[in-house]
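Peer 1: Next one to model:
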Amino acid sequence: MTTAPYKGFNMSVIVKCEHLTKSYGDLIAVNDVSFRVEEGEIFGLVGPNGAGKTTLIEMIEGLRTPDSGLIKALGLDPTKQGDELKERIGVLLQTTSIQPDIKVKEALRLFASFYQRAPDNAEELLHTLSLEDKADSRFKKLSGGLKQRVAIALALVNDPEILFLDELTTGLDPQARRNMWDLVETMRTQGKTIFLTTHYMEEAEKLCDRVGIIDYGKIIALDTPRNLVNNLSAESKVTFNIEDKDVATSKFELVGAVSRVEKVEDGIILYTRDGNVTLQELVRLADKQKFRLSNLRTESPSLDDVFLTLTGREMRE
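Peer 2: Next comes the predicted model:
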């Protein structure tokens, strides 16, 4: 698949992986994976739990050693130059475990002391991440969203060149998730390269310049979200309910651009090559034949559709 040119960052390779493999006994967690991450982009690795995302990102961070293959991160080999690499990267693990009674500002000072290059004004991150009023709060007293903000602050305390975010929003409520998305976009405007793993396709579609879809340890597609969807040639959907249960679904097969009609428990779905045409003709048909439409909505193809098409099944939690 050809990768489209991007705007807003330099075409300099920050991470390069070639033919990476990692097994645990009979389980092949990462299977011959190759890709690159460019400077200034938000690169997303998406796939279900157990697909190999965390193993892959931890090998790049130097936390796990690959069985075979090549990794270069910021020009360094994580297996041989791990200490040097850790000075220049920021890492948000799936679970942040810090002393529950520590205060937020104390945690920042503690983590800053781990780095040779940490700036003296690490507490300015409290302002950046809207945590000023929580500086004296103990970690255990914070909500899930605020704990995640603190975790991001700790990952940024050494002013890293690339930030690794592993399952950034898992377990957060919808509002906290969107707040995290805003933070990621803010960090990109500050010049950070971001490597994001997620099993939320909506998150990848919203944030990422390029997305690699991984399943059973293999990257099965890699491109911009728009190109992945466009190359799929997937159809749009028009979904609705009708109050008159006697209306035959077969009449909708003749609505413009419709290729297939599906009756589901909560309504009718029209699969269409042109959502606008189908929507207009559907409304005209309802007006002409005097039946009422309700809960009418259109859905464009998404990364979820790409994953379903490529794997033959829906995203599994």
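Peer 1: Need the phi and psi values for Leu282.
Peer 2: Here is the backbone geometry of Leu282 (degrees, to the nearest 10): phi -60, psi -40.
Peer 1: Please, where are all the helices along this structure?
Peer 2: For the chain, the helices defined by DSSP state H cover 53-61, 82-86, 104-112, 124-128, 144-156, 174-189, 201-207, 225-232, 275-289, 303-311.
Peer 1: residue contacts, the closest residue to Lys218 other than its chain neighbours?
Peer 2: Once flanking residues are discounted, Lys218 sits nearest to Asn31: 4.9 Å by C-beta to C-beta, 6 or more residues apart in numbering. C-beta here means a position set from N, CA and C on the backbone, and glycine is covered the same way. By C-beta atoms under 8 Å, 6 or more residues apart in numbering, the contact list for Asn31 reads 21, 52, 216-218.
Peer 1: Select, out of the helices of the chain, the one closest to Val247.
Peer 2: If you check each of these against Val247 by C-beta to C-beta, helix 275-289 wins as the nearest, at 7.7 Å.
Peer 1: ok, so what distance separates the residue nearest to the spatial centre of the chain from Val229?
Peer 2: The C-alpha lying nearest the average C-alpha coordinate of the chain belongs to Ala204 (C-alpha atoms, centre = their mean; 3.2 Å). Per C-beta to C-beta, to the nearest Å, Ala204 is found 12 Å from Val229.
Peer 1: which residues are common contacts for those two?
Peer 2: What both Ala204 and Val229 touch, as defined by C-beta under 8 Å, 6+ apart, is the set Leu303.
Peer 1: re the thing from before, show me which pair in the contacts of Asn31 is furthest apart.
Peer 2: Farthest apart among the contacts of Asn31 by C-beta to C-beta are Thr21 and Tyr216. That separation is 12.9 Å.
Peer 1: tell me the pLDDT at the residue nearest to Asn179 when sequence neighbours are not counted?
Peer 2: Nearest non-adjacent residue to Asn179, counting by C-beta to C-beta, 6+ apart: Gly145, 6.3 Å away. Per-residue pLDDT puts Gly145 at 89.
Peer 1: re the thing from before, run through the bridge partners of the residue nearest to Lys218.
Peer 2: As for beta bridges, Asn31 partners with Thr21 under DSSP bridges.
Peer 1: Against Ala234, how distant is Arg307?
Peer 2: For the record, residue 307 is Phe, not Arg. Distance of Phe307 to Ala234, given as C-beta to C-beta: 11 Å.
Peer 1: more neighbours, the two?
Peer 2: It is Phe307, of Phe307 and Ala234, that has more neighbours when counted by other C-beta atoms under 10 Å, with 24 against 17.
Peer 1: Just give me the neighbour total for the closest residue to Gly191 other than its chain neighbours.
Peer 2: Sequence neighbours aside, Gly40 is the residue nearest to Gly191 in space, at 6.7 Å (criterion: C-beta to C-beta, 6+ apart). Using other C-beta under 10 Å, Gly40 has 20 neighbouring residues.
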